[in-house]
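S.K.: missing the sequence, but the structure's below:
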Ligand SMILES: Nc1ncnc2c1ncn2[C@@H]1O[C@H](COP(=O)(O)OP(=O)(O)OP(=O)(O)O)[C@@H](O)[C@H]1O
Ligand SMILES: [K+]
Ligand SMILES: [Mg+2]
């Protein structure tokens, strides 16, 4: 199936081959495409949101009236260019939004109606004896599915809605959402259970519990995001807007008070000239480009397959100091599987295999299921108990908080079995009056030193002391190429800390292999949260990358919470970004884009304000030259007439917006140098450039306008 992908709008199917396109200048097609929307945005009701431009629009309405009641070429030209100024501003925003609109329509294509096979709960069936996949189903339209419904999806079928896999495992083609053609594994119980509506099951049958009502699914959120329909201004943008509004008010007062002075000096200025002067002085350039800069930043993230749910998170990313990463599923592929059983002295392999099997029969995690697979393949023997024996048993499900799972069998001898993290099981054994032999520590450390996760297995009969039977070796693989990327993060001044529920030795082995700076081992979900709060209290901005339900509180607390797309719905809901490629080092790009956004906005603000100051000196001497011939010395630009000077300034003021649209969409180039050096460089380029540009630009335009009758 040739599913539309997020990146298919791009020239290249490679999600990372974006730069060539974004760097190019504006095309006519782009401008034409964005024009209807730009004209619609001229509606004053929308314009009020940007006070600077609203003032320009009011000015344009005023001069339109003047041009009609007292027509002159000067009045008509000023009016045309004032309208052009507002239109260029709305055009900048519309062009910034246009790419997202195209992506949104290709995403909508994944939302086609399908028929879902909904499970009809049969009474008296327990999940243990009869799985969902064996229950009766009825066909319903996918749009009618409600949260909590369970549906069955088999190979070749489209997943009808967002949900978590509650039974089975399947390979899923998520290319419609991620653009990545390699199938991914989705399975119940673990941190890889979330599925997205519109993706396709390639093999096997899975039962999915629907978690999002139709209309507010992940794809709906993506559409809203790329379309910018839910875009909210960030605190930084609001602050800048307040500054721009204040400047506008100051210049408004300055221009109004200029008139009595002008009258007194015998050269009263027309309303037309005062409006033109005001528009030239207020910060129209940055006012026009501000929202395009923000939209383009979000868009750059989408091009890299990162969905940022808030602009605030993108900005925070630009200043991140610390990055916390979950181990399993974030640093490793998260495909943790049992590979070996290590028997304690005094126990037999049959005893260990039997206990490990019993303790895993009802363990819904992928790790638990992998224990059963291992035992079936390599260790099956007389110790294996029939399934019926565990009927009536009490299950102890795994939780990241307890770091242990197991089973309490009914019956006269009351067998209790536990498996889990070494320290937790040791505590449990101790609480029953048992002891953990030293030899276990050697086995546990042996597994840990290779980066594996050891699960200690122990059992207790009746109220006697528990006995440790041995260790299960869980293996996982570290994702490739992390070391170089973490080195790069270090060069950017970002400290990486791996946080994991695993023991310290395993954590250190994996940390050394992946190249992170620091580790926090044996961490409960609360510990992760506390670590983030502590870093934040120290004034640092924290990013967190995680995939599990147990990472959700931390993802929510972090300033930048990046959920892996392979993770659970809870993690994706809690974070403020989702990485569709599930690459924790994507943070490098996120940080770069955040910094670039901040730098671009700063640079263009500097340019805009410097520009306005320069225009002041360009126009004022020309305006008062007639009354004060001494001002001629200030008229260094030798502009041909007051009218020509003012018209040229207004035209320049409008054109500079168009000239800067490509830069505000592409972003100022970011290089990883010290912030102070960057600031100095930008002040020099954009501050000085902003001061000089108007003199050259206005002079050139003046040479043309002076040729017009009645103006030169
Ligand atoms: N099915 C299971 N039964 C018993 N114990 C388990 C099971 N799965 C994991 N454990 C133990 O619990 C610990 C913590 O679980 P988990 O790995 O989910 O936590 P985490 O904080 O998300 O860490 P990670 O960074 O490894 O994802 C594991 O290191 C392991 O010792
Ligand atoms: K201006
Ligand atoms: Mg985890």
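M.R.: Good, I have the coordinates. Everything quoted here is computed from the prediction, not taken from an experiment. Residues are numbered from 1 along each chain as shown. Ligands and ions are numbered 1, 2, ... in the order given.
S.K.: give the contact list for residue 100.
M.R.: Contacts for residue 100 (Cβ atoms under 8 Å, 6 or more residues apart in numbering) come out as 225-228, 295, 299, 302. C-beta here means a position set from N, CA and C on the backbone, and glycine is covered the same way.
S.K.: hmm, the helix or strand harbouring it touching ligand 2?
M.R.: When secondary structure is defined by DSSP states H and E, residue 100 falls within helix 73-108. No. Contact of helix 73-108 with ligand 2 (Cβ under 5 Å from the ion) is absent, the minimum separation being 8.3 Å.
S.K.: before we move on, back to that, could the contacts of residue 100 go into a markdown table alongside neighbour count and distance to ligand 1?
M.R.: As requested, the contacts of residue 100 are arranged in a markdown table below (neighbours: other Cβ atoms under 10 Å; distance: Cβ to the nearest ligand atom, whole Å):
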| residue | neighbour count | distance to ligand 1 |
| --- | --- | --- |
| 225 | 24 | 27 |
| 226 | 25 | 31 |
| 227 | 17 | 34 |
| 228 | 19 | 34 |
| 295 | 25 | 35 |
| 299 | 24 | 32 |
| 302 | 21 | 27 |
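S.K.: pick the one among these closest to residue 556.
M.R.: Using Cβ to Cβ, residue 225 is the member of the contacts of residue 100 that sits closest to residue 556, with 18.3 Å.
S.K.: next, the residue in the stretch 551-700 of the chain that ligand 3 sits nearest to: secondary structure please.
M.R.: Ranking the residues of the stretch 551-700 of the chain by distance to ligand 3 (Cβ to the ion) places residue 551 first, at 6.0 Å. At residue 551, secondary structure determined by DSSP: H, G, I helix; E, B strand; the rest coil is helix.
S.K.: contacting residues for the residue in the chain positioned nearest to ligand 2?
M.R.: Relative to ligand 2, the nearest point of the chain is residue 284 (3.8 Å; Cβ to the ion). With contacts defined as Cβ under 8 Å, 6+ apart, residue 284 is in contact with 52-53, 56, 85, 89, 608, 653, 657.
S.K.: name the SS class of residue 116, please.
M.R.: For residue 116, the secondary structure call by three-state DSSP comes out as strand.
S.K.: and the nearest residue to it once chain neighbours are set aside, how far from residue 572?
M.R.: In space, not counting the residues next to it along the chain, residue 116 is nearest to residue 160; the distance is 3.8 Å by Cβ to Cβ, 6 or more residues apart in numbering. Residue 160 sits 18 Å away from residue 572, taking Cβ to Cβ, to the nearest Å as the criterion.
S.K.: so the residue located most distally from the centre of the chain: helix, strand or coil?
M.R.: For the chain, the largest distance from the centre (Cα atoms, centre = their mean) belongs to residue 266, which lies 60.1 Å off. Three-state call for residue 266 (three-state DSSP): coil.
S.K.: just to revisit the earlier point, now, which of the contacts of residue 100 sits nearest residue 119?
M.R.: Residue 119 lies nearest to residue 225 out of these, by Cβ to Cβ, at 31.9 Å.
S.K.: what about the helix holding residue 100, average pLDDT?
M.R.: Mean pLDDT, computed over helix 73-108, is 91.
S.K.: for residue 425, list the residues it contacts.
M.R.: 404, 418-419, 436, 456-458, 468.
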